[in-house]
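# Show me how the following folds:
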Amino acid sequence: MRGRRFPRRIPGYWLLGCICMAVAIAPSPAAADDSAAASFQNFCVKWMAKLARIEKQNLKRAEPRKDADPVTLEYTGYSPAHFRCDIRATGHATNPYVGKLGYEERRYQRAGATRALALSGSAALVDVQAVTEIFRFDGARWVY
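As a prediction, the model looks like this:
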């Protein structure tokens, strides 16, 4: 069966057309930086919302300290104080960006005559730790 014969070499004008089209489609480095920065900002907001949910769970699951006379609950919370969210280009094609997210991890204590009173009382700040989380961008999503 006879088929069409394709040229062994690709004509130069066809190759040049493909290269020009690829350059027109590829985003500029500045646009890629802006897009990555915007996606990391969105990621940071979602991460902090997740930490807020975890803080509520930590309070619900807090066990009273055994040695305390009034019921004392300790739990970990998270604060956007000193919040920072920035990216840096790596120069590697497989992971073009890394992102750093900063916030505070806080230890709280609540006390009361009963567990219910301790939960409804105000929290006292016991300890503060600065946290920096580092993420990498794999070209499609941010990875921990």
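# What residues of stretch 85-98 count as buried?
Neighbour counts over stretch 85-98 (16 or more other Cβ atoms under 10 Å) mark C85, I87, P96, Y97, V98 as buried. (Glycine included, C-beta is placed from N, CA and C.)
# what sits against the first one?
In this case it means C85. F40, Q41, C44, G99, K100, L101, G102 (Cβ atoms under 8 Å, 6 or more residues apart in numbering).
# Any idea what it is bridged to?
L101 (DSSP bridges).
# Distance of it relative to L59?
25 Å (Cβ to Cβ, to the nearest Å).
# and if you look at the last one?
Relative to L59, V98 is positioned 32 Å away (criterion: Cβ to Cβ).
# Nearest residue to A81 in space, please, no chain neighbours.
If the residues on either side of it in the chain are set aside, A81 comes closest to E104, at 5.0 Å by Cβ to Cβ, 6 or more residues apart in numbering.
# same question, V143
R136 (5.3 Å).
# Wasn't the one you found part of a strand?
Yes: under DSSP: H, G, I helix; E, B strand; the rest coil, R136 falls within a strand.
# residues near the nearest residue to T114 once chain neighbours are set aside, how many?
Closest residue to T114 apart from its sequence neighbours, by Cβ to Cβ, 6+ apart: V71 at 5.9 Å. Look at V71: counted by other Cβ atoms under 10 Å, it has 18 neighbours.
# May I have the phi/psi pair for V71?
Backbone torsions of V71, given as degrees, to the nearest 10, read phi -60, psi 120.
# all numbers from here: first residue = 261
Understood, numbering begins at 261; the last thing we discussed is V331.
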